[in-house]
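>>> Could you work out the structure for the sequence below:
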Amino acid sequence: MADLSSDHAITKQDESLTSLPFDLDEALSFPVRYSSSDDSPVEGTPTEPDWHPVVMNFPAVDPDDSAGHCTVCMEGFRSSGEGGRRMPCGHAYHASCITTWLSLGHSATCQKQANYGHFVIGGRNPLRQVPARQVYNNSKSFFPSILDLDASPQRARTGPSFSAPPALPSETLNTSAGACARPSMSSPETASERTVRHAFGNVLAFFVLLLIGVLAFSIRLFSVIKYESVIHEFDPYFNYRVTQFLTKNGIYDFWNWFDDRTWYPLGRVIGGTVYPGLTLTAGTLWWVLHSLNIPLSVETVCVFTAPTFSAFASWATYLLTKEVKGPGAGLAAATLLGMVPSYISRSVAGSYDNEAVAIFALIFTFFLYIKTLNTGSLFYATLNAISYFYMVCSWGGYTFIINLIPIHVLLCIVTGRYSSRLYIAYAPLVVLGTLLAALVPVVGFNAVMTSEHFASFLVFIILHVVALVYYIKGILSPRMFKVAVTLVLSIGLAVCCAVIAILIAVVASSPTKGWSGRSLSLLDPTYASKYIPIIASVSEHQPPAWPSYFMDINVLAFLVPAGIIACFLPLSDASSFAVLYIVTSVYFSGVMVRLMLVLAPAACIMSGIALSEAFDALTGSIKFQLLGFSTENSQVGVGDASPDNAPAQKNAVKSDASENTLKDRTSRKNKKKEKERGKEEQGGQSSLQSQIKMRLQVLPLESSIIGVFLLIMLGAFYVVHCVWAAAEAYSAPSIVLTSHSQNGLHVFDDFREAYAWLRHNTEVDDKVASWWDYGYQTTAMANRTVIVDNNTWNNTHIATVGTAMSSPEKAAWEIFNSLDVKYVLVVFGGLVGYPSDDINKFLWMVRIGGGVFPHIKEPDYLRDGQYRIDSQATPTMLNCLMYKLSYYRFVDADGKGFDRVRQTEIGKKHFKLTHFEEVFTTHHWMVRIYKLKPPKNRIRGKAKKSKLKASSISSSKKSTKIKKNPWL
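Predicted coordinates for the structure are as follows:
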């Protein structure tokens with residue numbers, strides 16, 4: 001490396017470099033080696049350059065408009081009457097002070113590490129020549145700092161060594177906070193201290209994340225603490241049953257398992273019709289625990305899988321938000337997600353559903369995509385494809401990922417943000433992710449044949465066309481590039497047209513154009529109610545009401561807009577993806593209440609960003625107000641009190657330094673001329689100065705304190721609401737109901753009572769018919785064959801059951817008898833006030849049945865368009881099977897036949913069943929089980945009556961004949 005002597009200061013050929021952005025930290029670390037005896041440079045060591053023209057090239061600071069002070073001499077600009085120069089970091093110094101400071105080889109007064117550019121002097125870059133040095137000062141002059149280096153030749157080449165000057169007394173220390181990190185005159189921060197500080201910060205962040213994981217896990221245990229360790233809802237019972245089979249029989253039998261106890265007489269191939277991610281995850285956890293001699297049951301593992309993965313989801317949210325806006329926002333977002341009620345509703349202990357692991361997979365896939373986009377690492381791109389594969393295995397909502405990421409890629413291309421990192425982030429995901437997704441049996445060729453995936457392929461083609469254009473542009477001349485672009489665009493348009501034609505031909509044969517029913521319901525909210533009532537019948541597929549947003553995300557709904565604004569300051573690839581994520585999730589959550597679960601992570605990310613930015617601004621203002629202004633005011637006050645007698649501290653710092661400094665200072669008149677000349681030179685940077693001033697503005701102290709207090713109160717309200725939602729709203733298992741009365745808590749355990757009766761009082765091969773909501777529970781808990789269940793894959797089969805429930809008793813008996821049904825189960829809440837009973841679901845049975853069998857018509861069950869079960873109900877309603885099985889002997893229970901759910905007396909109270917007989921009714925009348933009467937008994941009865949009738953007719957004929965012919 002060439003030596004830098006005084007001749008190699010800033011030459012004319014390097015004058016243009018002074019207009020580049022300047023990194024003060026880099027320049028201030030320029031090496032100068034001093035001996036231990038005097039202040040002269042050591043022979044062979046390059047001397048410092050002339051810093052004066054460099055400093056004078058920076059924007060001038062008007063002493064009349066500035067209320068700050070110079071960090072070097074500690075004198076205010078206004079009190080001294082001398083202006084300063086504004087550095088790129090935003091801090092201002094006297095030109096003479098900073099010139100002297102730099103020429104004596106001192107280290108930076110600002111610890112800011114932003115990269116303002118490369119400053120080269122005489123062909124040499126001072127970047128990282130010397131580690132950060134400690135700054136010392138005494139009462140006579142400026143002295144360089146001491147640098148602790150070992151004696152090895154390698155370390156000796158790293159930087160110079162210095163003698164230790166005397167330390168400054170503690171009373172002369174600078175404690176003002178005008179700069180980002182002003183050097184402490186007694187114990188400044190060295191490179192090793194910064195390393196220790198960052199390491200401590202990382203350790204602290206680790207323990208905070210650990211506490212967040214504990215919080216996310218423990219807040220979901222209310223269901224176990226208040227009730228018991230039991231599987232919740234309906235779908236989780238099927239997943240629990242499948243996991244039992246997996247742990248007992250192994251993975252190969254699981255893939256080939258044909259379940260003959262569901263969808264009788266069709267059956268179901270479990271391995272090809274289920275998303276196996278949840279089952280394989282829980283089965284793996286159970287196997288690992290047993291390998292470690294931790295004998296937990298399969299049910300226990302299933303109960304605690306969702307709380308465990310909620311902690312993982314919180315950590316994944318931290319990683320994703322950190323890539324977008326930093327670790328502070330990541331910690332805030334992780335904390336919010338750990339408690340958000342929308343996610344708790346699907347991840348409490350016992351909620352063993354696909355979303356338990358799918359939300360973690362969703363967030364982690366997004367994190368790896370952003371990580372790849374920020375780094376351009378093929379390693380992270382491969383992990384992203386694997387994470388996407390896990391998401392495909394876990395939940396059908398994987399189509400949200402494979403459509404959102406292509407939209408973001410297309411947005412980056414359109415806005416001119418294409419880069420090789422974008423290509424690496426997307427291309428492996430489409431190729432490798434699609435190949436892996438096709439390996440999942442339930443997906444198979446749908447990964448390339450359905451319309452939900454076509455957007456990813458189209459963007460994949462566009463991305464390659466853009467990449468080819470950029471590649472050709474780099475190797476061709478501008479003239480040849482225009483010809484090549486014309487050729488590429490022509491070929492690209494032809495290929496795109498061919499692909500679009502193929503896609504149109506593929507989807508034209510499908511009545512839904514290649515889209516699934518659920519996807520069409522998301523794109524057109526009215527589609528399901530018009531064409532697929534089975535989808536519209538599910539309560540979680542209904543659009544949410546506005547209070548649902550306040551219930552499920554609470555105050556986050558008000559913080560999301562602030563987070564979106566913060567993402568635009570500045571807008572990056574990662575922040576644009578976060579904005580796109582929140583916009584799309586808000587739309588889909590408005591279409592289907594179930595997708596509030598997808599909105600929850602996006603809302604937490606945006607709210608975490610908003611809280612982090614707000615706390616940074618408010619606490620920064622408080623720190624500046626309490627430290628910066630108080631120090632400045634105290635200094636100005638002393639100067640005003642005795643202008644002729646400078647403080648002892650200022651004299652101690654500037655005693656000998658002022659002798660050299662005053663030589664360089666000019667009069668106020670010359671300074672004004674110099675200021676005007678500097679303004680003319682920096683006219684092009686006026687807009688940059690205005691932006692810097694805006695960012696340096698602070699809020700009043702009182703407003704900042706009130707703002708911090710309001711944010712703390714807002715967080716406290718959010719915590720209280722989340723704890724209430726976890727403890728009261730979402731912890732009660734649907735299979736065990738509770739109610740509060742004057743006598744205390746009352747438990748309704750009718751469901752398990754009914755399933756236990758079926759298990760112990762019926763034959764193993766008996767078939768049970770019910771509405772599809774209870775199919776999974778009947779199979780798992782009663783171990784009996786069902787006709788339909790919650791999979792709802794066969795609309796005709798479900799319509800058959802709905803038609804039977806909507807038909808008169810005799811027609812219903814014939815339908816059930818043709819399906820080999822022996823028992824019929826209905827859920828009735830009229831006695832105890834349980835609203836989710838079959839009477840309230842009955843119109844959906846009519847609609848689904850009428851969609852396949854036209855003789856079932858909904859208007860026949862309505863009176864003037866109203867659904868009624870009282871005396872004004874239609875005869876069709878009063879004579880259908882569902883009405884009779886629900887209200888049979890109901891008048892004997894309360895004496896009036898008053899339905900507490902519908903708040904009316906039933907219309908038909910006294911009737912008998914001819915084709916069904918009641919065999920069991922639970923304690924609270926919530927579950928009622930009926931048995932089909934055997935056909936042979938009814939046929940024998942009819943035969944006897946017909947024989948008696950025939951014998952009476954024949955005897956009468958004989959008597960008449962005898963009368964007519966008495967002589968014969």
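
>>> Every contact and neighbour count from this point should use C-alpha atoms.
Noted.

>>> can you map out the strands along the stretch 201-350 of the chain?
Assignment of strands within the stretch 201-350 of the chain using DSSP state E, counting those that start in this stretch yields the ranges 258-259, 268-269.

>>> and the next element down the chain from the host helix or strand of residue 381?
Residue 381 is part of helix 378-394 when elements are defined by DSSP states H and E. In the C-terminal direction, the helix or strand that comes right after helix 378-394 (DSSP H and E) is helix 398-414.

>>> Run through who's touching the next helix or strand after that following helix.
Scanning forward in sequence from helix 398-414 by DSSP H and E, the next helix or strand is helix 420-437. Residues lying outside helix 420-437 but in contact with it, judged by CA atoms under 8 Å, 6 or more residues apart in numbering, are 369-370, 372-378, 381-382, 384-386, 388-389, 392-393, 405-406, 409, 443-444, 447-448, 456-457, 460, 463, 467.

>>> Pull out the buried residues from these.
Burial of the contacts of helix 420-437 was assessed by neighbour count (16 or more other CA atoms under 10 Å); the buried members are 369-370, 372-374, 376, 381-382, 384-386, 388-389, 392-393, 405-406, 409, 443-444, 447-448, 456-457, 460, 463, 467.

>>> can you map out the helices along the stretch 601-750 of the chain?
In the stretch 601-750 of the chain, helices defined by DSSP state H, counting those that start in this stretch lie at 630-641, 648-654, 657-664, 668-681, 686-696, 701-724, 750-761, listed in chain order.

>>> Could you do the stretch 401-550 of the chain as well?
Counting by DSSP H, counting those that start in this stretch, the stretch 401-550 of the chain has helices at residues 420-437, 446-449, 454-475, 478-508, 517-523, 527-531, 533-536, 546-552.

>>> export these to TSV and tack on mean pLDDT?
Rendered in TSV, the data for those read as follows (pLDDT from 0 to 100):
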stretch	mean pLDDT
helix 420-437	94
helix 446-449	86
helix 454-475	86
helix 478-508	75
helix 517-523	61
helix 527-531	63
helix 533-536	71
helix 546-552	88
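
>>> possible to save those as a markdown table with distance to residue 53?
Output for these, formatted as a markdown table (distance: least, CA to CA, whole Å):
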| stretch | distance to residue 53 |
| --- | --- |
| helix 420-437 | 40 |
| helix 446-449 | 65 |
| helix 454-475 | 39 |
| helix 478-508 | 40 |
| helix 517-523 | 64 |
| helix 527-531 | 72 |
| helix 533-536 | 75 |
| helix 546-552 | 60 |
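
>>> what is the rounded mean pLDDT of the helix holding residue 381?
Confidence over helix 378-394, taken as the mean pLDDT, stands at 95.

>>> What lies in contact with it?
The list of residues contacting helix 378-394 from outside it, by CA under 8 Å, 6+ apart, reads 275-278, 354-355, 357-358, 361-362, 364-365, 368-369, 371-372, 398, 424-426, 428-430, 432-433, 436-437, 440.

>>> Now the buried members of those.
For the contacts of helix 378-394, burial is judged from neighbour counts taken by 16+ other CA under 10 Å, and it is met by 275-278, 354-355, 357-358, 361-362, 364-365, 368-369, 371-372, 398, 424-426, 428-430, 432-433, 436-437, 440.

>>> and the closest residue to residue 345 other than its chain neighbours, what does it touch?
Distances taken as CA to CA, 6 or more residues apart in numbering place residue 730 nearest to residue 345, at 5.3 Å, with adjacent residues excluded. Under the criterion of CA under 8 Å, 6+ apart, the neighbours of residue 730 are 344-345, 348.

>>> Just give the number of residues close to residue 703.
13 (other CA atoms under 10 Å).

>>> quick one: it from residue 620, how far?
Applying CA to CA, to the nearest Å, the value for residue 703 to residue 620 is 12 Å.

>>> and residue 931, what element?
strand 927-932.

>>> between that strand and helix 750-761, how big is the angle?
With axes from the mean of the first three to the mean of the last three CA atoms, to 10 degrees as the criterion, the two stretches strand 927-932 and helix 750-761 enclose an angle of 30 degrees.

>>> Strand 927-932 - what's its average pLDDT?
Here the average pLDDT along strand 927-932 is 95.

>>> Show me the strands paired with it, marking each as parallel or antiparallel.
Strand pairing for strand 927-932, determined by DSSP bridges: strand 823-827 (antiparallel), strand 916-921 (antiparallel).

>>> I'd like to know which of those lies nearest to residue 419.
For the strands paired with strand 927-932, proximity to residue 419 was assessed by CA to CA; strand 823-827 is nearest, at 59.4 Å.

>>> what does the closest one rub up against?
Contact partners of strand 823-827, identified using CA under 8 Å, 6+ apart, comprise 766-771, 837-838, 882, 885-886, 926-932.

>>> What subset of these is buried?
So, by 16+ other CA under 10 Å, the buried ones in the contacts of strand 823-827 are 766-771, 837-838, 882, 885-886, 926-932.

>>> How many residues are close by the closest residue to residue 704 other than its chain neighbours?
The shortest distance from residue 704 to any non-neighbouring residue, by CA to CA, 6+ apart, is to residue 618 (5.0 Å). When neighbours are counted by other CA under 10 Å, residue 618 registers 22.

>>> residues touching residue 618, list them.
Taking CA under 8 Å, 6+ apart as the contact definition, residue 618 lies against 699, 704-705, 707-708.

>>> out of those residues, who's nearest residue 323?
Using CA to CA, residue 708 is the member of the contacts of residue 618 that lies nearest residue 323, at 25.4 Å.

>>> and residue 768, what are its phi and psi?
Main-chain torsions, residue 768, degrees, to the nearest 10: phi -120, psi 130.

>>> for residue 93, that is, sorry about that
Main-chain torsions, residue 93, degrees, to the nearest 10: phi -140, psi 160.

>>> Can you classify residue 85 as helix, strand or coil?
Going by DSSP: H, G, I helix; E, B strand; the rest coil, the secondary structure assigned to residue 85 is strand.

>>> ok so, going back, hey, what's the angle from the helix holding residue 381 to helix 398-414? Just curious.
Taking the same axes, to 10 degrees, one finds helix 378-394 and helix 398-414 inclined to each other by 140 degrees.

>>> Helix 378-394 to helix 420-437, inter-axis angle?
Interaxial angle, helix 378-394 versus helix 420-437 (the same axes, to 10 degrees): 40 degrees.

>>> can I get the CA coordinates of helix 378-394 in CSV?
Below are the C-alpha coordinates for helix 378-394, written out as CSV (Å, rounded to 0.1, in the frame of the first residue of the first chain):
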residue,chain,number,x,y,z
LEU,A,378,-29.5,-20.2,-2.6
PHE,A,379,-29.3,-22.0,0.7
TYR,A,380,-32.2,-20.0,2.1
ALA,A,381,-34.0,-20.4,-1.3
THR,A,382,-33.8,-24.2,-0.8
LEU,A,383,-35.0,-24.0,2.7
ASN,A,384,-37.9,-21.8,1.5
ALA,A,385,-39.0,-24.6,-0.9
ILE,A,386,-38.8,-27.2,1.9
SER,A,387,-40.8,-24.9,4.2
TYR,A,388,-43.4,-24.5,1.4
PHE,A,389,-43.6,-28.3,1.1
TYR,A,390,-44.3,-28.6,4.8
MET,A,391,-47.0,-26.0,4.4
VAL,A,392,-48.6,-28.0,1.5
CYS,A,393,-48.5,-31.1,3.7
SER,A,394,-50.3,-29.2,6.5
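
>>> on that earlier part again, need the pLDDT of the residue nearest to residue 345.
According to the model's per-residue confidence, residue 730 sits at a pLDDT of 89.

>>> Please tell me how far it sits from residue 741.
Separation of residue 730 from residue 741 (CA to CA) stands at 20 Å.

>>> Likewise for residue 802?
Counting by CA to CA, the gap from residue 802 to residue 741 is 36 Å.

>>> cool, residue 543 as well?
Going from residue 543 to residue 741 by CA to CA gives 33 Å.

>>> who's more crowded, the two?
Comparing residue 543 with residue 741 by neighbour count (other CA under 10 Å), the higher total belongs to residue 543, at 17 against 8.

>>> Contact partners for the more buried one?
Applying CA under 8 Å, 6+ apart as the definition, the contact partners of residue 543 turn out to be 589-593.

>>> Can you list which of those residues are found in helices?
Secondary structure defined by DSSP state H assigns 589-591 of those to helices.
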